[in-house]
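Participant: Give me a model of this one.
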Amino acid sequence: MQKAKGNAMKKAIGVFGSAVGGSSDENVRKARALGRAIASKGCVLVTGACTGLPLEAALAAKRAGGLVVGFSPAGSQREHLGKYKYPLEGFDFIAYPGSGYKGRNVIAVRSCDAAVFIAGGMGTLNEFTIAFDEGKRIGILTGSGGITDMVADIAKKAIRDTGASVIYDDDPGRLLQKLLKSG
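Facilitator: Numbering: from 1, shown residues only. A predicted model of the protein is given here:
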């Protein structure tokens, strides 16, 4: 996902992580700092239009004047709000492809130039494996717990080289800077 600004294209940075649980005060602080950093670099923040840490990043990016795009698992705004109980606040645009969680994850990850992961569970692992398989630049906010504590081992055991690069840092701003420099 890129938006033209003159001749330059904005980079789309995905934020994926704990939608439920994993939201310690420290992880909320890191998610907000990541959202502000993405906005300050003029990048578009992309999420799965969910709650939790991705929403914290989205809200912080919006407050900082950033552009935020969400991809819902729902097929409509009504389903997004009713069935999934997901928010509208904090997004400039939400797409409703109606493809459920797994389909939404593929669309959201493919729409990013790079993806950052913070904490997370099974859904975040799915997003990580999609990003890895797609050869994306991947940032891991270390020390955030959840699935991010395991991805280094998972990436080492990958059978084929997908071209993905995985960068680790415990500071959101530094991690984003490394991701932007690597691509």
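
Participant: list the helices and strands the helix ranked longest in the chain packs on?
Facilitator: Criterion DSSP state H: the longest helix present in the chain is helix 25-40. If contacts are counted by 3 or more CB pairs under 8 Å, 6 or more residues apart in numbering; DSSP states H and E, helix 25-40 sits against strand 12-17, strand 44-47, helix 52-63, strand 114-118, helix 172-181. Backbone N, C-alpha and C define where each C-beta goes, glycine included.

Participant: List the contacts of it.
Facilitator: Under the contact criterion CB atoms under 8 Å, 6 or more residues apart in numbering, helix 25-40 has outside partners 13, 15, 17-18, 44-45, 53-54, 56-67, 116, 118-119, 141, 144-145, 172-173, 175-177.

Participant: And these, which of them are buried?
Facilitator: 13, 15, 17-18, 44-45, 53-54, 56-62, 66-67, 116, 118-119, 141, 144-145, 172-173, 175-177 (16 or more other CB atoms under 10 Å).

Participant: re earlier: what about the helices and strands packed on helix 25-40, which gets the closest to residue 150?
Facilitator: When the helices and strands packed on helix 25-40 are compared by CB to CB, strand 114-118 sits nearest residue 150, at 10.8 Å.

Participant: Residues contacting the closest one, please?
Facilitator: Residues outside strand 114-118 that contact it (CB under 8 Å, 6+ apart): 11, 13-18, 22, 27, 30-31, 34, 53, 57, 109, 124, 127-128, 131, 136-141, 144, 147-148, 151, 172, 175-176, 179-180, 183.

Participant: Does residue 91 touch residue 67 like I think?
Facilitator: No - contact criterion CB atoms under 8 Å: residue 91 and residue 67 do not qualify, at 9.6 Å.

Participant: okay, and for the chain, where does confidence drop off?
Facilitator: 1-7, 22 (pLDDT under 70).

Participant: In PDB, could you pull the C-alpha coordinates for stretch 148-168?
Facilitator: The C-alpha trace of stretch 148-168 is given here as PDB (Å, rounded to 0.1, in the frame of the first residue of the first chain):
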ATOM      1  CA  THR A 148       7.900 -12.400  19.300                       C
ATOM      2  CA  ASP A 149      10.100 -14.300  21.800                       C
ATOM      3  CA  MET A 150      10.000 -17.400  19.500                       C
ATOM      4  CA  VAL A 151      10.300 -16.000  15.900                       C
ATOM      5  CA  ALA A 152      14.200 -16.000  15.900                       C
ATOM      6  CA  ASP A 153      14.000 -19.800  16.300                       C
ATOM      7  CA  ILE A 154      11.200 -20.200  13.800                       C
ATOM      8  CA  ALA A 155      13.100 -18.100  11.200                       C
ATOM      9  CA  LYS A 156      16.300 -20.200  11.700                       C
ATOM     10  CA  LYS A 157      14.400 -23.400  11.000                       C
ATOM     11  CA  ALA A 158      12.900 -22.100   7.700                       C
ATOM     12  CA  ILE A 159      13.600 -24.600   5.000                       C
ATOM     13  CA  ARG A 160      13.800 -22.200   2.100                       C
ATOM     14  CA  ASP A 161      15.300 -18.800   1.700                       C
ATOM     15  CA  THR A 162      12.400 -16.400   1.000                       C
ATOM     16  CA  GLY A 163      14.500 -13.200   0.900                       C
ATOM     17  CA  ALA A 164      12.900 -12.000   4.200                       C
ATOM     18  CA  SER A 165      15.100 -10.000   6.500                       C
ATOM     19  CA  VAL A 166      14.300 -10.000  10.200                       C
ATOM     20  CA  ILE A 167      15.600  -7.100  12.300                       C
ATOM     21  CA  TYR A 168      15.400  -7.100  16.100                       C
END
